[in-house]
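A.B. asks: I'll drop the sequence and a predicted model, then ask my questions.
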Amino acid sequence: MAYPWPLIGSITEFGLLEASRQKYPAFEQWGLVTLGRFIEHLDFLSIYQWLTGAFIRVSFLLFLSLEVLSIKKPLNKTILLIAYSVMLIVSNSFSFSDVILYYIIKTIVLPVTFWFFLAFSILLSIFVLIVKKGGPHPMFKKTKKQPSKQNSKIEKSEHLIIKSENDIKEIFHNSEDVFFQSNLYRDESPIKITLIGCDGLIDTELLNNLVFEGLSLFFEKHPRGALKIDDIKDSLHLPHLADVNTKEELFADIYSGKLLIYFEGYNYLVSTNIANRPQRTPEETTTEVTIKGPRDNS
């Protein structure tokens, strides 16, 4: 059996003394492999192992080199890959004997690698001690985000701009429960009044009696001339009459059962409270039969 780690596999299969004498442990391990009783000496598969291992290592090196440098342009990636490939081809074109290769690894590669990682570890340890002693570096400190002046204050609701009845219909175009009812008042310079409410939340009796009667009396007092918002507040006698200036107020009034009154041409929008919202008492309903067990009455 060929182990993925040639050194460990060779020590396991051949022993420490014999493994120390082998230059190519993988080649020797593949020589022990057999397929059944008649196929043996599969030494040539060691070449396949070396080629695939070299291919994976080189491919991984090229991939990491592009990722570390964070190169995004395809043209620059292609140029860098070509440069790396040329360097690998040129470096492999020089032939070294095994003796020279092992000498370079023993005298240059291994010592340089050891001292480099040792020095790097010492510097990293010193840096960690300095940071712990003097507190975190300013670049690593978490700065508390200061709220901006705009966010520190309560944001004002969006101001309501109404130029026609269609603007209000556009706001509630997805609300099927919101109704619009328009009527003309005054013979001289007539004014279109639009009532906006939510079905099921307003008192229809107050709408048909109080609101329409109040509008009729109001326009009897103001049969002609321009209207002012103060005239509406002083002469239109409806419960809790108030201006509607923002979209927040508009939605809140509609869905709380208030009736909106829009004066076409003057762009006045006021609300009156004629709400009759359905109420549910917390008592148990008489239509529901509750089956109680012997422990429920105790």
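C.D. replies: Yes, it's here. Numbering: from 1, shown residues only.
A.B. asks: what helix or strand is Asn183 on?
C.D. replies: strand 178-185 (DSSP states H and E).
A.B. asks: and the helix or strand that comes right after that strand, which strands flank it?
C.D. replies: Next along the chain after strand 178-185, taking DSSP H and E as the criterion, comes strand 191-198. Strand 191-198 has its sheet partners listed here by DSSP bridges as strand 178-185 (antiparallel), strand 259-263 (antiparallel).
A.B. asks: isn't Leu206 up against Ala275?
C.D. replies: No - checked against CB atoms under 8 Å, the pair Leu206 and Ala275 is beyond contact range at 9.2 Å. No exception for glycine: its C-beta is placed from N, CA and C like everyone else's.
A.B. asks: related to what we said a few turns ago, what would the strands paired with strand 191-198 look like in TSV with mean pLDDT, mean neighbour count and distance to Arg37?
C.D. replies: Shown next, in TSV, are those (pLDDT from 0 to 100; neighbours: other CB atoms under 10 Å; distance: least, CB to CB, whole Å):
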stretch	mean pLDDT	mean neighbour count	distance to Arg37
strand 178-185	87	14	90
strand 259-263	89	22	97
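A.B. asks: looking at those strands, which is nearest to Ile8?
C.D. replies: strand 178-185 (79.4 Å; CB to CB).
A.B. asks: got the CA coordinates for the host helix or strand of Leu101 in CSV?
C.D. replies: Assigned by DSSP H and E, Leu101 belongs to helix 98-104. Provided in CSV are the C-alpha atoms of helix 98-104 (Å, rounded to 0.1, in the frame of the first residue of the first chain):
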residue,chain,number,x,y,z
ASP,A,98,20.7,14.7,-6.6
VAL,A,99,23.8,15.5,-4.6
ILE,A,100,23.8,19.2,-5.5
LEU,A,101,20.0,19.4,-4.9
TYR,A,102,20.2,17.9,-1.4
TYR,A,103,23.2,20.1,-0.6
ILE,A,104,21.2,23.3,-1.6
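A.B. asks: and for it, what are the contacting residues?
C.D. replies: Lys23, Phe96 (CB atoms under 8 Å, 6 or more residues apart in numbering).
A.B. asks: which residues in the stretch 51-200 of the chain form helices?
C.D. replies: 74-93, 98-104, 110-134, 149-152, 165-171 (DSSP state H, counting those that start in this stretch).
A.B. asks: any chance of the backbone angles for the residue lying closest to His159 once chain neighbours are set aside?
C.D. replies: Closest residue in space to His159, ignoring its immediate chain neighbours: Thr246 at 6.0 Å, by CB to CB, 6 or more residues apart in numbering. Dihedral pair for Thr246: phi -130, psi 160, per degrees, to the nearest 10.
A.B. asks: burial measure for Thr246, as a count.
C.D. replies: 14 (other CB atoms under 10 Å).
A.B. asks: please apply the same query to Asn209.
C.D. replies: Neighbour tally, Asn209, other CB under 10 Å: 11.
A.B. asks: what do you get for Ala54?
C.D. replies: Count around Ala54 with other CB under 10 Å applied: 11.
A.B. asks: what's it in contact with, if anything?
C.D. replies: So Ala54 contacts nothing (CB under 8 Å, 6+ apart).
A.B. asks: now it: how far from Phe60?
C.D. replies: 11 Å (CB to CB, to the nearest Å).
A.B. asks: circling back: the strands paired with strand 191-198 into TSV, with extra columns for distance to Lys163?
C.D. replies: Output for the strands paired with strand 191-198, formatted as TSV (distance: least, CB to CB, whole Å):
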stretch	distance to Lys163
strand 178-185	16
strand 259-263	11
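A.B. asks: worst mean pLDDT among the helices of the stretch 51-200 of the chain?
C.D. replies: With a mean of 46, helix 149-152 has the lowest mean pLDDT of the helices of the stretch 51-200 of the chain.
A.B. asks: skipping its backbone neighbours, what lies nearest Glu40 in space?
C.D. replies: Closest residue in space to Glu40, ignoring its immediate chain neighbours: Thr34 at 4.1 Å, by CB to CB, 6+ apart.
A.B. asks: isn't that neighbour up against Leu45?
C.D. replies: No - using CB under 8 Å, Thr34 is not in contact with Leu45; the gap is 11.9 Å.
A.B. asks: with neighbour numbers in mind, choose between these two.
C.D. replies: Leu45 (15 against 12).
A.B. asks: measure how buried the closest residue to that one other than its chain neighbours is and give me the count.
C.D. replies: Excluding the flanking residues, the one nearest Leu45 by CB to CB, 6+ apart is Trp30, at 5.0 Å. By other CB under 10 Å, the residues close to Trp30 number 21.
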